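Engineer: requesting a structural model of the entry that follows:
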Amino acid sequence: MKMRLRGVLPALGVLCALPVAGLAQAAWPDLSQPAPAVGGGESDGAVVVGVEGYTFLPPVHGAEANAQAWADYFRQTLGVPARSVTLLTGADATSDRILAAARSAAARVDADGTLWFVFVGHGAPDADGQDGLLVAVDAQRGAESLQSLSLGRQELLEALGESQAGAIRVVLDAGFSGRLEDGVPLAPGLPALRHSSATARVDPRMVVFTAAQGDQAAGSLPGARRPAFSYLVLGGLRGWVGQAKVTAGDLRRYASRALRATLRGRRQTPVLVGREEAVVGVSAGETGPDLAPLAPDGVREESRPSAAKARQPVETSRGGISWVQIPGGSFMMGTDSWSDAQPIHRVTIAPFAMAKTAVTFQQYRACVEAGACTPAHVSDGTCYVAGGSSLVQGILSAYFQGDDQPVVCVDWGQAKAYAEWVGGRLPTEAEWEYAAKSAGQDWAYPWGKENPSCERAVMDDGGNGCGRNSTWPVCSKPKGDTLQGLCDMSGNVSQWTQDWYHGSYAGAAKDGRAREQPAGIYRVGRGGSWNPGLDGYLRADYRDHESPDDCSASYGLRPVKGLRP
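Structural biologist: Numbers count the residues shown, from 1 in each chain. The predicted structure follows:
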């Protein structure tokens, strides 16, 4: 079956050779010993390419070691027959031989098997910047010769798409920006890789990972001198993601978190094209490295008296809130989908900390018992559901008030009082949207661009609250978490913000400040809920509003800490 991918290829990419400059060499597990056998690959086929010693270009240290580890994974862990695994390294890794191997493997795998392709080496943009190139071993240091001797990503994927395989999994460990990790061009005269959104549908059998956006560089593991992303993805399949069945989304999230925890001085943002829920492998049960506690020189943060544990949730002494650090940055706020979310405008956000979850009944009760908060309106007849109808108190009591359920039926003043009691404040609307977009990603939802479902959010799919007709315990949908680890930023409960609601963003501040003047009638709520709403109400850019004196079974709160913008 011929694949038609031209419209999406610029946004595909590579599981790149990334530098994770955060773990000491001894902290990285050794992948030279194959993981325990799990089987299941008897009908599969695989092509693995590792280009380390380029004839005319800088080497990619450790590319062959990573490629060999992948080949061993296919043969010994998955049980792919040795004759069905092709390993190309050194002088064999020319563009003609890579393409021929891909076509040969595609012809051998039928509907019962999975076709795998892994490339570890340099990448570059093609002549017009519309596609990525897999740079072959004999490519020369000049834009024209490099491009003529390399294999186009589109050509490769179309060749793989000719297969009758039941699934196709592509791991391209190369950076398509055409730059090395120190920013030096791979060859003079290379164009910039142009970006476009991956909106077109691709063959549902295919999953293609990208280790970096097209303007980002890639690198290697610190101290180990081997491409980092193919290492992390293979580790994820060996068990490091902590799931029995490893999905494409699991691998993307694991790689993203590993990079954020260890990378310093630059950003590397993995991208996935294909179904996040597609199962890529079965865990071999290995435990991965402890990423979070290590700094760039390999010294554990707790050994530094003044170290800031920026990516570790930190328990406060009051309220039991786990705080997640949100890095500062700029993003485009708003959408053309609704008039009140226009104009789209750039906002710069300072770093802040946000509660990992919406505040729970147990956490709010502690504030009430301390005398700093008034009880939630769960039994006084003043709490409402969406649409203004009174909520049946029996339903609220039976299903909503568990200790780990998000507190509801608190008005804006109560939310503000609680936030101040735990040493924080309510988020500004801009801070909330920035955090819900995983620190300013160009995403519609906290998890990416995929449409919401009950796999990722507590919503009105299959009945209110995914069939429960209520909220769910916080963090029940981890597949919907942001890259920073915030739970339920979409669905479960809407969350009060500091801002007065206005009918557009005209006049909004560019530094993320709340809109306090002029005062309005309503306060802004964000995040959607378990209850029915308008189409798109779970989007990160959707704006809701309520009277600050009202309370609802759909509204809760989530405090932040940091200097007020």
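Engineer: which residues of the stretch 201-350 of the chain fall in strands?
Structural biologist: Remark: strands assigned in the stretch 201-350 of the chain by DSSP state E, counting those that start in this stretch are 206-210, 245-247, 271-273, 279-282, 314-315, 322-326, 329-333, 345-349.
Engineer: please apply the same query to the stretch 1-150 of the chain.
Structural biologist: Using DSSP E, counting those that start in this stretch, strands in the stretch 1-150 of the chain cover 45-50, 85-89, 114-120, 123-125, 132-134.
Engineer: do you know which of those strands lies nearest residue 287?
Structural biologist: Closest to residue 287 of these is strand 114-120 (CB to CB; 23.2 Å). To be clear about C-beta, it is placed using only N, CA and C from the backbone, and glycine gets the same treatment.
Engineer: hang on, the earlier thing: lowest average confidence across the strands of the stretch 201-350 of the chain, which one?
Structural biologist: Looking over the strands of the stretch 201-350 of the chain, mean pLDDT reaches its minimum on strand 314-315, with a mean of 41.
Engineer: and of the strands of the stretch 1-150 of the chain, who's closest to residue 243?
Structural biologist: strand 114-120 (18.1 Å).
Engineer: follow-up on the earlier one: so which of the strands of the stretch 201-350 of the chain is nearest residue 455?
Structural biologist: Nearest to residue 455, of these and by CB to CB, is strand 245-247 at 10.1 Å.
Engineer: what's next to that closest one, contact-wise?
Structural biologist: Strand 245-247 has contacts (CB atoms under 8 Å, 6 or more residues apart in numbering) with 236-237, 276-283.
Engineer: swap in 6 Å and give it another go.
Structural biologist: Applying CB atoms under 6 Å, 6 or more residues apart in numbering, the external contacts of strand 245-247 come out as 237, 277, 279-281, 283.
Engineer: hmm, back to that, closest to residue 83 out of the strands of the stretch 201-350 of the chain?
Structural biologist: Closest to residue 83 of these is strand 279-282 (CB to CB; 21.2 Å).
Engineer: show me what that closest one is packed up against.
Structural biologist: If you count contacts as 3 or more CB pairs under 6 Å, 6 or more residues apart in numbering; DSSP states H and E, strand 279-282 packs onto strand 245-247.
Engineer: list the neighbouring strands of the strand it packs on plus their orientation.
Structural biologist: Sheet pairing of strand 245-247 (DSSP bridges) gives strand 279-282 (antiparallel).
Engineer: chain center to the strand it pairs with: distance?
Structural biologist: In terms of CA atoms, centre = their mean, to the nearest Å, the centre of strand 279-282 is set 18 Å apart from its chain centre.
Engineer: returning to that earlier point: among the strands of the stretch 201-350 of the chain, which is the most enclosed?
Structural biologist: Mean neighbour count (mean count of other CB atoms under 10 Å) peaks for strand 206-210 among these, with a mean of 26.
Engineer: next, the angle from that one to strand 114-120.
Structural biologist: Counting by axes from the mean of the first three to the mean of the last three CA atoms, to 10 degrees, strand 206-210 points 20 degrees away from the direction of strand 114-120.
Engineer: partners of strand 206-210, with directions?
Structural biologist: strand 167-173 (parallel), strand 271-273 (antiparallel).
Engineer: who touches the longest one?
Structural biologist: Applying CB under 6 Å, 6+ apart, the contact partners of strand 167-173 are 14-17, 114-120, 160, 205-209, 227, 229-230, 233, 280.
Engineer: tell me where the chain has helices.
Structural biologist: For the chain, the helices defined by DSSP state H occupy 63-72, 95-108, 143-148, 153-161, 228-235, 248-262, 361-369, 393-399, 412-421, 429-436.
Engineer: low-confidence ranges in the stretch 251-400 of the chain?
Structural biologist: 263-266, 268, 291-317, 379-382, 384-399 (pLDDT under 70).
Engineer: just the buried members of the contacts of strand 167-173?
Structural biologist: Using 16 or more other CB atoms under 10 Å as the burial test, the contacts of strand 167-173 include 14-17, 114-120, 160, 205-209, 227, 229-230, 233, 280 as buried.
Engineer: correct me, but residue 207 touches residue 248?
Structural biologist: Yes: look at residue 207 against residue 248 with CB atoms under 6 Å: they come within range, at 4.7 Å.
Engineer: now the common contact residues for these two.
Structural biologist: Overlap of the contact sets of residue 207 and residue 248 (by CB under 6 Å, 6+ apart) consists of 274, 278.
Engineer: need the pLDDT of the closest residue to residue 147 other than its chain neighbours.
Structural biologist: Distances taken as CB to CB, 6 or more residues apart in numbering place residue 127 nearest to residue 147, at 5.3 Å, with adjacent residues excluded. Residue 127 carries a pLDDT value of 81.
Engineer: report the separation between residue 127 and residue 190.
Structural biologist: Noted for residue 127: a distance of 9 Å to residue 190, by CB to CB, to the nearest Å.
Engineer: output the below-cut-off pLDDT ranges for the stretch 1-150 of the chain.
Structural biologist: Using pLDDT under 70, the stretch 1-150 of the chain drops low at 1-26.
Engineer: just the pLDDT for residue 193.
Structural biologist: Note on residue 193: pLDDT of 64.
Engineer: over to residue 457?
Structural biologist: As predicted, residue 457 sits at a pLDDT of 95.
Engineer: what's around it, how many residues?
Structural biologist: Neighbours of residue 457 under the rule other CB atoms under 10 Å: 28.
Engineer: contacting residues around it?
Structural biologist: Contact partners of residue 457, counting by CB under 6 Å, 6+ apart, are 477, 480, 490-491, 538.
Engineer: between the residues you listed, which sits nearest residue 106?
Structural biologist: When these are compared for distance to residue 106 (CB to CB), residue 480 wins out at 34.9 Å.
Engineer: quick one: the closest residue to the closest one other than its chain neighbours from residue 358, how far?
Structural biologist: Sequence neighbours aside, residue 456 is the residue nearest to residue 480 in space, at 3.4 Å (criterion: CB to CB, 6+ apart). Plainly put, residue 456 is 16 Å away from residue 358 if you go by CB to CB.
Engineer: of these two, who's got more company?
Structural biologist: More crowded of residue 456 and residue 358, by other CB under 10 Å: residue 358, with 27 against 24.
Engineer: backbone dihedrals for that one, both of them.
Structural biologist: Per-residue torsions, residue 358: phi -60, psi 150 (degrees, to the nearest 10).
Engineer: OK, contacts around it?
Structural biologist: Going by CB under 6 Å, 6+ apart, residue 358 touches 406, 474, 488, 493, 556, 558.
Engineer: can you tell me how far the residue lying closest to it once chain neighbours are set aside is from residue 173?
Structural biologist: Distances taken as CB to CB, 6+ apart place residue 406 nearest to residue 358, at 3.9 Å, with adjacent residues excluded. Distance, residue 406 to residue 173, by CB to CB: 41 Å.
Engineer: the more surrounded of those two?
Structural biologist: Between residue 406 and residue 173, residue 173 has the larger neighbour count (other CB under 10 Å), namely 33 against 29.
Engineer: quick check: bridge partners of that one?
Structural biologist: residue 120.
Engineer: pull the CA atoms of stretch 42-58 into CSV?
Structural biologist: Taking C-alpha atoms only, stretch 42-58 is exported to CSV below (Å, rounded to 0.1, in the frame of the first residue of the first chain):
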residue,chain,number,x,y,z
GLU,A,42,8.8,-14.0,15.4
SER,A,43,7.0,-12.5,12.4
ASP,A,44,8.8,-9.1,12.6
GLY,A,45,11.5,-7.6,10.4
ALA,A,46,14.0,-4.9,11.3
VAL,A,47,16.6,-2.7,9.7
VAL,A,48,19.1,-1.0,12.0
VAL,A,49,21.6,1.6,10.7
GLY,A,50,24.4,3.1,12.8
VAL,A,51,26.7,5.6,11.1
GLU,A,52,29.6,6.5,13.4
GLY,A,53,32.8,7.1,11.4
TYR,A,54,31.8,9.4,8.5
THR,A,55,34.3,9.7,5.7
PHE,A,56,34.1,13.4,5.4
LEU,A,57,32.0,14.6,8.3
PRO,A,58,32.4,14.7,12.1
